[in-house]
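Undergrad: here's a sequence, model it:
(chains A and B)
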Amino acid sequence: MLALQDTKFGSAVADWLMSEKSLEHTRSFDNEIVFESYGVRVRIQTTSPELLEDAERTARKALLDRLEILESKEAEHTFRISADENETMYLFLNGEQVSYDKFHARFFKFFNGILRIVVAEHARDTVFIHAGVVGWRGKAIVIPANSFEGKTTLVAELVRNGAEYYSDEYAVLDRHGMVHPFPRDLSVRDDEFRETDVPVEALGGKTGTTALPIGAVLLTRYEENAGWNPERLTVGQGIMEIIPHTIPRIFNTKFSLKVLNTAVSDAIILKSPRGDAGQLAIKLLSFFDNFIYLAKIT
Amino acid sequence: MNNSQRPIARKSGLVVQEVPDEVLVYDLESNKAHCLNQSAAMIWKSCDGNNSVSEIAKLVESQAGGKVTEDFVWLAIDQLSENNLLEKPVASSFEGTSRREVIKKIGLASVVAVPVIASLVAPQSALAAASCTCVNPPSCSNTPNLGCPSTTRCNSSGLCAP
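TA: Okay, the predicted model is just below:
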């Protein structure tokens, strides 16, 4: 807390943290649900029924409705949401305040993201990788990348050109390294970083429904005027590149590495910056057609 | 250069994953990941506290099927020590010579791939990398908590960062 006071905004933040810490304890969190998603048990407690309704709706959206409400009150992670008399909302995770906001939509958008990360970090028998995924000829093409590196743009172009949509957010791997769909609406950003949720059908695409083995991993990011000139990586080099995008790397390291090895050991792993996504999508799908054909006859 | 040293590979706090022709090592204490090529991995596995550098060279030579010098082993040990993959750090044996020069010298004389360790520091937690709403990019990093955890700020890339 003292260190914060050395920064420009430190003093204000420190005061605010102290006030909100006490707020959590003075409010009554009488409204509650407990659910399980991907093997993770989460409790949400709020100070009003309306906030609980909003929180449950957000949780269902965040986890694509893959959650089961439980009778049991036992949970590994507890979110608490409260609002003060000025209608500022506060979010706590396991007793620590993680956010506050006066804007309802922005507050719940952040809650949506944090909840998904908590489930992804602690999921049982599953490894979440921050990546875009499409299916093509029975194989998954996985594109691990940070936000704002053009992942969704490339996924959208691949889908427009006939690939099946799996996700623009997570590659969800089971213990056998198979990729399962996590097909939330594509989160398309405009030039000013404003996001719009776009259903895959609006791109003329369709969602994949079955788990696929990984055929290719593309390590790429948008760079103006960049050409696609890929370097082929070894399995070890590829996994090194994927590790920073592997969500449970801290909490389930051994399992994560084992699954990554199983998942990419037969995949082609390519690294290159890219320019225009539209042209690259056509080139990539054609390349993989040839690659899969060659793999079949050799 | 003391070739009678008997280095010991670190075991605790590491997760080791064998992959085809390489070994991945994740250091749980530093959150660093390392990728050891086959030569580096063979030398690391031979560091059992009983083998001297000369003995490790002979062991690796028999496995790799090509001449392996003590300099070759030292090149791996240098990197293993630098990356905290040995129980005790070992002083660099190539003082006054750059690693690039050593690699060049060894590489030209050896048919066995020179030992290489690639490393990266993994981000601490996915929570810290949660994307956020950066409404006005130039001012985002100066504005506390635009949709970020309280200990982070939304930077101009739209990422929550310290």
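Undergrad: what is the burial count for whatever residue of the stretch 1-150 of chain A ends up closest to chain B?
TA: Chain B sits closest to A:Ser147 of the stretch 1-150 of chain A, with a gap of 3.8 Å, by C-beta to the nearest C-beta. Every C-beta, even on glycine, is put in place using the N, C-alpha and C of the backbone. A:Ser147: 20 surrounding residues under other C-beta atoms under 10 Å in any protein chain shown.
Undergrad: can you list the buried residues in stretch B:46-59?
TA: Using 16 or more other C-beta atoms under 10 Å in any protein chain shown as the test for burial, stretch B:46-59 gives B:Ser46, B:Cys47, B:Asn51, B:Ser52, B:Val53, B:Ile56, B:Ala57, B:Leu59.
Undergrad: I figured the last one hits B:Asn51, correct?
TA: Yes: look at B:Leu59 against B:Asn51 with C-beta atoms under 8 Å: they come within range, at 6.6 Å.
Undergrad: before we move on, the earlier item: for the residue of the stretch 1-150 of chain A closest to chain B, which three-state class applies?
TA: Secondary structure, DSSP: H, G, I helix; E, B strand; the rest coil: A:Ser147 is coil.
Undergrad: same check, this time on A:Gly215
TA: strand.
Undergrad: check the gap between it and A:Asp84 for me.
TA: 52 Å (C-beta to C-beta, to the nearest Å).
Undergrad: over to A:Ile129?
TA: 38 Å.
Undergrad: over to B:Val102?
TA: 64 Å.
Undergrad: who has more neighbours out of the two?
TA: Taking neighbours as other C-beta under 10 Å, B:Val102 and A:Asp84 compare with B:Val102 leading, 18 against 15.
Undergrad: what bridges to B:Ala9?
TA: B:Leu86 (DSSP bridges).
Undergrad: surely it meets B:Glu87?
TA: Yes: when contacts are counted by C-beta under 8 Å, B:Ala9 is listed as touching B:Glu87 (7.3 Å).
Undergrad: same drill for the two, tell me which one is more crowded.
TA: B:Ala9 (18 against 14).
Undergrad: how close does that one sit to chain A?
TA: 18 Å (C-beta to the nearest C-beta, to the nearest Å).
Undergrad: residues contacting that residue?
TA: By C-beta atoms under 8 Å, 6 or more residues apart in numbering or on different chains, the residues touching B:Ala9 are B:Trp44, B:Lys45, B:Cys47, B:Asp48, B:Leu80, B:Leu85, B:Leu86, B:Glu87.
Undergrad: for the first one, pull up the helix or strand it's in.
TA: The reference is to B:Trp44. helix B:38-46 (DSSP states H and E).
Undergrad: what's that helix packed up against?
TA: Helices and strands touching helix B:38-46, by 3 or more C-beta pairs under 8 Å, 6 or more residues apart in numbering or on different chains; DSSP states H and E, are strand B:22-27, helix B:53-64, helix B:70-82.
Undergrad: quick one: is the longest one near chain A?
TA: No: against chain A, helix B:70-82 shows no contacts by C-beta under 8 Å from any C-beta of the partner chain, the least distance being 15.1 Å.
Undergrad: C-alpha coordinates for the next helix or strand after that helix, CSV please?
TA: Per DSSP H and E, helix B:70-82 leads on to helix B:99-109 as the next helix or strand towards the C-terminus. Taking Å, rounded to 0.1, in the frame of the first residue of the first chain, the C-alpha atoms of helix B:99-109 are listed here in CSV:
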residue,chain,number,x,y,z
ARG,B,99,29.9,-17.7,-26.4
ARG,B,100,29.5,-16.9,-30.1
GLU,B,101,33.2,-17.5,-30.7
VAL,B,102,33.1,-20.8,-28.7
ILE,B,103,30.1,-22.0,-30.6
LYS,B,104,31.8,-21.2,-33.9
LYS,B,105,35.0,-23.0,-32.8
ILE,B,106,33.1,-26.1,-31.5
GLY,B,107,30.5,-26.1,-34.3
LEU,B,108,33.1,-26.2,-37.0
ALA,B,109,34.9,-29.1,-35.4
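Undergrad: quick one: distance of helix B:99-109 to the chain centre.
TA: 19 Å (C-alpha atoms, centre = their mean, to the nearest Å).
Undergrad: and stretch A:116-124, by the same measure?
TA: Centre-to-centre, stretch A:116-124 and its host chain are 10 Å apart (C-alpha atoms, centre = their mean).
Undergrad: same question, stretch A:79-98
TA: With C-alpha atoms, centre = their mean, you get 23 Å for stretch A:79-98.
Undergrad: name the surrounding residues that touch the strand or helix carrying A:Asp54.
TA: If you go by DSSP H and E, A:Asp54 is part of helix A:49-62. The contact list for helix A:49-62, computed with C-beta under 8 Å, 6+ apart, reads A:31-33, A:35, A:37, A:42, A:44, A:46, A:67, A:79, A:81-83, A:89, A:104, A:108, A:111-113, A:115-116, A:184.
Undergrad: near chain B, which residues of the stretch 101-250 of chain A?
TA: Looking at chain B, the residues of the stretch 101-250 of chain A close enough under C-beta under 8 Å from any C-beta are A:101, A:106-107, A:109-110, A:113-114, A:117-118, A:120-121, A:130, A:146-148, A:193, A:195, A:234-237, A:239-240, A:243-244, A:247, A:249-250.
Undergrad: which non-adjacent residue is nearest B:Asn31?
TA: Counting by C-beta to C-beta, 6 or more residues apart in numbering or on different chains, B:Ala122 is the residue found nearest to B:Asn31 once chain neighbours are left out, at 4.9 Å.
Undergrad: and that neighbour, what's its pLDDT?
TA: On pLDDT, B:Ala122 comes in at 84.
Undergrad: what does it show for phi and psi?
TA: phi -80, psi 150 (degrees, to the nearest 10).
Undergrad: can you count the residues close to it?
TA: Quick note: B:Ala122 (other C-beta under 10 Å) scores 19 neighbours.
Undergrad: and the gap between it and A:Thr246?
TA: B:Ala122 sits 8 Å away from A:Thr246, going by C-beta to C-beta.
Undergrad: kindly report the same for A:Gly208.
TA: On the measure of C-beta to C-beta, A:Gly208 and A:Thr246 end up 21 Å apart.
Undergrad: done for today, thanks.
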